[in-house]
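S.K.: just coords:
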């Protein structure tokens, strides 16, 4: 009886530790990508003749590279549908920036940030997500 109790407690402890680690990684990853998107948004919110699309292209490429790295690890424990939504929107955003269409980029940025926040909220360990 004691042996089973100890094994059960160890399993519960490992679950909580694993959840804490993955939750922290998810939050850090999303905050890092969101920060890059916010910087990109600031660049694109300038007057249309002041926007430096070369800088915007560099920033979106950096964001996309960072996302590719984060995606590999996040895919182990987050639904692939959620991650693919971000990937799809990032690809669309990259296309709008490469075509230098500033009016189309802001809604795409907002969608990506919303999806990232949704992923962060959905993966958080709280009672709302348990029940």
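M.R.: On my side now, so go ahead. Predicted model, so just to flag it, every value in this text is computed and none were measured.

S.K.: show me where this protein has helices.
M.R.: 2-44, 53-74, 80-98, 102-123, 127-130 (DSSP state H).

S.K.: Could you save the ones you listed as CSV and add columns showing mean neighbour count and mean pLDDT?
M.R.: Glycine gets a C-beta too; all of them are placed from N, C-alpha and C. As requested, these are exported to CSV (neighbours: other Cβ atoms under 10 Å; pLDDT from 0 to 100):
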stretch, mean neighbour count, mean pLDDT
helix 2-44, 13, 92
helix 53-74, 16, 92
helix 80-98, 17, 91
helix 102-123, 17, 88
helix 127-130, 8, 59
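
S.K.: Relative to residue 9, how far out is residue 75?
M.R.: 30 Å (Cβ to Cβ, to the nearest Å).

S.K.: Correction: the previous question concerned residue 63.
M.R.: Distance from residue 63 to residue 9, by Cβ to Cβ: 42 Å.
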